[in-house]
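Chemist: return a 3D structure for these sequence lines:
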Amino acid sequence: MPDIIAEIRLPTQELRDDIPFFTKVLGMRMDMIYPADDPTVAVFSGYGLRLRVEKGAQEPAGTLRILTDDPDGFADGQRDLVAPNGTRIEIAERNPPLILPETQHAFVVRRLADQAPWVIGRAGMQYRDLIPDRLGGSIIASHIRIPDGGPVPDMVHYHTVGFQLIFCYRGWVDLVYEDQGEPFRLHAGNCVIQPPEIRHRVLYASDNIEVIEIGVPAEHVTTIDHEMKPPNGPANPDRDFQGQKFVHHKAEDATWQSFRIPGFNCRDTAIAQNTRNVAGVQVVRKDGVADWSSHNADILFTFVMDGTMVLYGEGKEPFALEAGDAFVIPPDMKTKYADASDNLELLEVSLPGVFKTH
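Modeler: As a prediction, the model looks like this:
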């Protein structure tokens, strides 16, 4: 492959004013300047960029973002600068801390029959939003499907998140994760959590695969890793990723126990203990007759995977729910799961993992 260089061209009216700014203030290196007697072009390089500053160029000045681990030590701590040629310079943290928005509590019911639109997202997958207002940006819950199975055009990537769950609702999907050994198949009824910044890739999917994906916060960055080629080794399944461990929960290995609401039982996924109580995930089934209850969790999201029920909420009209529907119950609101069919199965996700039910 031939040696190729790419430049970004920026305009200037007086090159001599820009040279000290780009070299001394921004710390870039000047690689070229010409013509010698009356320079009109200078080329600067640094921070993975090559800039061509050219007198009389017609492009707008644009904005240059410089990301650094020490923004206070760069350009005398200035965060916004303007070069003599008009280019705006933004100085920002390279790895800013993850900020979790304060939850805006609301009672939310999202029904499949309402025909909310499916949109095309990353890697050609189809997404349906299960919490439209996202509780003020604190959480995103997506129903994701791939109608036609086969290889998935995914790349190795990671997410800057506080919590992320992938629950296989229907079909199966082949996945591979950093430090977790060889690729494996995630079957319907099983789930994984993706700890913060764990590298992973979706490899292959069955026809009509459907998953429920939970992300906290709602807006989070996905970064492509062009260097890692999983599976990497040797495997290190107990690795800690920013306080969380990878979990692959398998339904066939789970133990059923009493649920927090009498009249139901559940299988715990061990996600609460492996996230240090950041979040909890339960699969819930009918085991009797339920009564009114309330809770003190910050976020309590439920997806109806199978069967039917009627959701009663204090001061609300009852909602008849079926497979594909979802709801969020705010803290301290009294609700009742009534008229549950014998095949009712719910997916409940809570933040934090352990909380009180009254």
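Chemist: quick one: strands adjacent to the worst-scoring helix or strand of the chain on mean pLDDT?
Modeler: Among the helical and strand segments of the chain, the one scoring lowest on mean pLDDT, DSSP states H and E is strand 119-120, with a mean of 84. Using DSSP bridges, the strands paired with strand 119-120 are strand 126-129 (antiparallel).
Chemist: what's next to the strand it pairs with, contact-wise?
Modeler: Identification of contacts with strand 126-129 by CB atoms under 8 Å, 6 or more residues apart in numbering yields 110, 116-121, 140-147. Any C-beta I mention is one placed from the backbone N, CA and C, and that applies to glycine too.
Chemist: now those: which count as buried?
Modeler: 110, 140-146 (16 or more other CB atoms under 10 Å).
Chemist: pick the one among those residues closest to Ala75.
Modeler: Sorting the buried ones among the contacts of strand 126-129 by how near they are to Ala75, with CB to CB, puts Ile140 at the top with 35.5 Å.
Chemist: now that closest one: closest residue in space that isn't a chain neighbour?
Modeler: Ala218 (4.0 Å; CB to CB, 6 or more residues apart in numbering).
Chemist: how far away is that neighbour from Cys191?
Modeler: As judged by CB to CB, to the nearest Å, Ala218 and Cys191 stand 20 Å apart.
Chemist: what of Arg285?
Modeler: From Arg285 to Cys191 the distance is 16 Å (CB to CB).
Chemist: so what's Gly149 up against?
Modeler: 171, 204-209.
Chemist: the same query, at a cut-off of 7 Å, please.
Modeler: 205-207, 209 (CB atoms under 7 Å, 6 or more residues apart in numbering).
Chemist: thinking again about what came up before, what's the closest of the buried ones among the contacts of strand 126-129 to Trp292?
Modeler: Using CB to CB, the buried ones among the contacts of strand 126-129 come closest to Trp292 at Arg110, 22.4 Å.
Chemist: so that closest one makes contact with Ala326?
Modeler: Yes - under the criterion of CB atoms under 7 Å, Arg110 lies in contact with Ala326, with a separation of 4.6 Å.
Chemist: which neighbours do the two have in common?
Modeler: Leu130.
Chemist: neighbour count: Arg285 and Cys191, which is higher?
Modeler: Cys191 (24 against 19; other CB atoms under 10 Å).
Chemist: quick check: phi and psi on the closest residue to that one other than its chain neighbours?
Modeler: Closest residue in space to Cys191, ignoring its immediate chain neighbours: Phe167 at 4.1 Å, by CB to CB, 6+ apart. Phe167 adopts backbone torsions of phi -110, psi 120, taken as degrees, to the nearest 10.
Chemist: give me the pLDDT for Gly124.
Modeler: Here, the pLDDT recorded for Gly124 equals 69.
Chemist: the one 5 residues further on too?
Modeler: With respect to pLDDT, Asp129 has a value of 93.
Chemist: same thing with Ile146?
Modeler: Ile146 is given a pLDDT of 87.
Chemist: likewise for Met1?
Modeler: For Met1, the pLDDT comes out at 57.
Chemist: can you check Gly233 too?
Modeler: 87.
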